[in-house]
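Novice: no FASTA, just this:
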């Protein structure tokens, strides 16, 4: 099972703590963590996964694997900037968004477009103009809940 | 001035009418229309622009320029699937979203991440969990208003 | 007709002269010049095309249209680094390589893989180990000959 | 150490044998095998690496990890077609080309452009028009020699 953990490259200590727990729970369940390979939420998720003996993959936007955070086992160097976002989610069977800004939102949207389930932890709320119906993201209450939902929803 | 018009490849007659008017107003103001080159909103925007004597660019996801709608003057063939979405908005100075699904949402998010203004016409509403504050998209009331706002906000 | 002109971003005065003539002949024949949008061969080809009243497209590797040379009419901003090379040739019906280094060689190879004809002017020679048979590139003797061959070979 | 093994998706039994030995030697030396994830040379290299207990990564051009050959441990799904070629080599510290057609040639060229060493086993010979000087590719005599050279040349 490959699960993407997405979120900001710079984040609060509280958000990092959530991401680290997500990474740890994923590794405990035997899932591989895929992320964008940089700092913030990505680094925290990788750190959590490594603490639990997991495997981590970082899909990097730049041209050097030196950009990867120290908890990435497998750095993939795309050199494609923002276009690497679609690769992060395409390679996963489900996605967990921990908070996140517009870059994270682009990954959420790409995942939903490709039919890959997205679980949110303090992340975006999406609706269309003229409607209050929320769309697309399955909300989770805490890291354990997010991992449980992401594994249950994962696409084969 | 280059303005991206984004939206679904399949859309209602009413949405197509709005997109066509957007394309027409843009061309009347001398703006070049950039889009994803396919049908639906993309085709309607190109048709409107051509009716007003404008120039149209289609950034295609597939491997053949035969995929372009008949109103695309300049087909750019990327062969990159969803990753072409970031190119559509990166090449524009502002973006007009006409309704749209998750693919459109990914383009909105990429634009906002890159600091390119987005005007919405019956499109997405974005907020973060735990807050009702809307973010990122400038709402327009009709095609003329959308074009006025997109040109005023366009980045140099 | 869309023809890509490819070559180094830094080049000798003689190579620039050849590229400029290629651009000029293409525009005189009504062909649109596509290139990587930067300096050297790309700039010279665009300058030649504009001198003859042609239209020019630059598929840029970086994140800003300010990177485009001053003779690019339509800057396409990919932000994808080297991965933009495949877009330069995919969008053309034939390709003219004027000298060129490894970046140019990657474009030649992508074009040949996609079945898009490549004409070379002082460019690469390709063969497989253990064979002297040359492959893939149609050699031209001068800019007029290169344009003649590129237009004759262009794929519909 | 990450080493890319590149070559055709369809190949002769003899070429597959060479690629399998390359994969096996790499794994025996503790190197991770990166490839395009499909059949032919890619599958043979992965099979060889797995036989020696190695780890394998497949950077896929399509939209589904079901496209990966059965010896890929980590499928990365790009959906970017030919543009994924640059990712295959960017993620490696050196590259071994086993025979190969134009797609392989594009990977060789991207690697050389990025300063990543390329070792060839019955692969391309590159020279410029008007010169017999060969360029870029370090020729190897057999799989063991190719692996020895690729590891010695690998960039940090």
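Specialist: Right, received. Where do you want to start? Keep in mind it's a predicted model, so treat the numbers as computed, not measured.

Novice: what sits against the nearest residue to residue A:63 once chain neighbours are set aside?
Specialist: For residue A:63, the nearest residue in space outside its immediate sequence neighbours is residue A:79; the separation is 4.4 Å by C-beta to C-beta, 6 or more residues apart in numbering or on different chains. C-beta coordinates here come from the backbone N, C-alpha and C atoms, glycine included. Neighbouring residues of residue A:79 by C-beta atoms under 8 Å, 6 or more residues apart in numbering or on different chains: A:61-63, C:80-83, D:86-87, D:90.

Novice: same thing but 7 Å
Specialist: A:62-63, C:81-83, D:86, D:90 (C-beta atoms under 7 Å, 6 or more residues apart in numbering or on different chains).

Novice: now the farthest one out in chain A, which residue is it?
Specialist: The outermost residue of chain A relative to its centre, with distances by C-alpha atoms, centre = their mean, is residue A:130 at 29.7 Å.

Novice: And the pLDDT at that one?
Specialist: Predicted confidence (pLDDT) at residue A:130: the value is 81.

Novice: for chain C, what are the nearby residues on chain A?
Specialist: By the rule C-beta under 7 Å from any C-beta of the partner chain, the part of chain A lying against chain C is A:63, A:79-83.

Novice: element containing the closest residue to residue A:78 other than its chain neighbours?
Specialist: Sequence neighbours aside, residue A:84 is the residue nearest to residue A:78 in space, at 4.2 Å (criterion: C-beta to C-beta, 6+ apart). Element membership for residue A:84 (DSSP states H and E) is helix A:84-90.

Novice: go on, residue A:15?
Specialist: Counting by DSSP H and E, residue A:15 is part of helix A:13-28.

Novice: what does residue A:96 give?
Specialist: Per DSSP H and E: strand A:94-98 holds residue A:96.

Novice: ditto for residue A:5
Specialist: strand A:2-6.

Novice: what's the angle from that strand to helix A:13-28?
Specialist: With axes from the mean of the first three to the mean of the last three C-alpha atoms, to 10 degrees defining the directions, strand A:2-6 sits at 180 degrees from helix A:13-28.

Novice: Helices along chain A, start to end?
Specialist: A:13-28, A:40-51, A:84-90, A:102-113, A:143-153 (DSSP state H).

Novice: pLDDT on the fourth one, on average?
Specialist: Averaged across helix A:102-113, pLDDT comes to 98.

Novice: Name the residues that touch that helix?
Specialist: Against helix A:102-113 from outside (C-beta under 7 Å, 6+ apart): A:6-8, A:82, A:85-86, A:88-89, A:95, A:97, A:118, A:123-124, A:136-137, B:82, B:102-103, B:105-106, B:109-110, B:112-113, B:136.

Novice: and with 6 Å instead?
Specialist: For helix A:102-113, contacts defined as C-beta atoms under 6 Å, 6 or more residues apart in numbering or on different chains pick out A:6-7, A:85-86, A:88-89, A:95, A:97, A:118, A:124, A:136, B:82, B:102-103, B:105-106, B:109-110, B:112-113.

Novice: which residues touch residue A:61?
Specialist: So residue A:61 contacts A:81, A:84 (C-beta under 6 Å, 6+ apart).
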